[in-house]
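K.L.:
no sequence for this one, just the structure:
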């Protein structure tokens, strides 16, 4: 027995269109899941610590160590190292403050510590009630291929996760 189907071409076109739409929907769902997983836990934009000068003065009196993370809005160097800095900050047992180099307070602090670049960490150390700037280090750079990269070793050293050599 032979079955005769009218408009085979039309049925094939509809099946093909259904397959294409289902594939697009599936890829969209997969893309959303991947995007959500990858970027949901990523640090948000860097934001200056509110009342930075007051908090810095208080912390210098109370803490043995303070780190200032300088940044600039839309700075590719700053953006690439956000995750590493956030991870190091979570493990820090001392205050870590963010300073926007373009803010009024940021300009003052940038001048005080003689910074050349926004993507810098300033490590302030107190010893025998004397406050000193222990180091100013870059936390990001550009490699030979022109890619922005975090300077993970500098970040770990600054946060005390690696001992200075």
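P.N.:
That came in fine, so what should we check first? Note that this is a predicted model, so its numbers are computed, not measured.
K.L.:
Would you agree residue 72 is in contact with residue 99?
P.N.:
No - between residue 72 and residue 99 there is no contact under CB atoms under 8 Å: 10.0 Å. (C-beta placed from N, C-alpha, C; glycine too.)
K.L.:
For stretch 112-123, which residues meet the burial criterion?
P.N.:
115, 117-123 (16 or more other CB atoms under 10 Å).
K.L.:
ok so, going back, okay, residue 72 and residue 99: which has more neighbours?
P.N.:
residue 99 (28 against 20; other CB atoms under 10 Å).
K.L.:
and the next element down the chain from the helix ranked longest in the chain?
P.N.:
Secondary structure of the chain read by DSSP state H shows that its longest helix is helix 8-40. Later in the chain than helix 8-40, the nearest helix or strand by DSSP states H and E is helix 52-62.
K.L.:
got a list of contacts for that next one?
P.N.:
49, 66, 68, 95, 97-99, 105-106, 108-109, 124, 126, 131 (CB atoms under 8 Å, 6 or more residues apart in numbering).
K.L.:
Farthest pair within these?
P.N.:
Largest separation among these by CB to CB: 106 and 126, giving 22.4 Å.
K.L.:
re the thing from before, off-centre distance for the longest helix of the chain?
P.N.:
Helix 8-40 sits 33 Å away from the centroid of its parent chain (CA atoms, centre = their mean, to the nearest Å).
K.L.:
what does stretch 72-91 give?
P.N.:
Using CA atoms, centre = their mean, the offset of stretch 72-91 from its chain centre is 3 Å.
K.L.:
next one: stretch 141-159
P.N.:
12 Å.
K.L.:
mind listing what's buried in it?
P.N.:
141, 148, 150-152, 154-159.
K.L.:
What pLDDT is listed against the residue most central in space within the chain?
P.N.:
The centroid of the chain falls nearest to residue 82 when counting by CA atoms, centre = their mean (1.7 Å). Looking at residue 82, its pLDDT reads 90.
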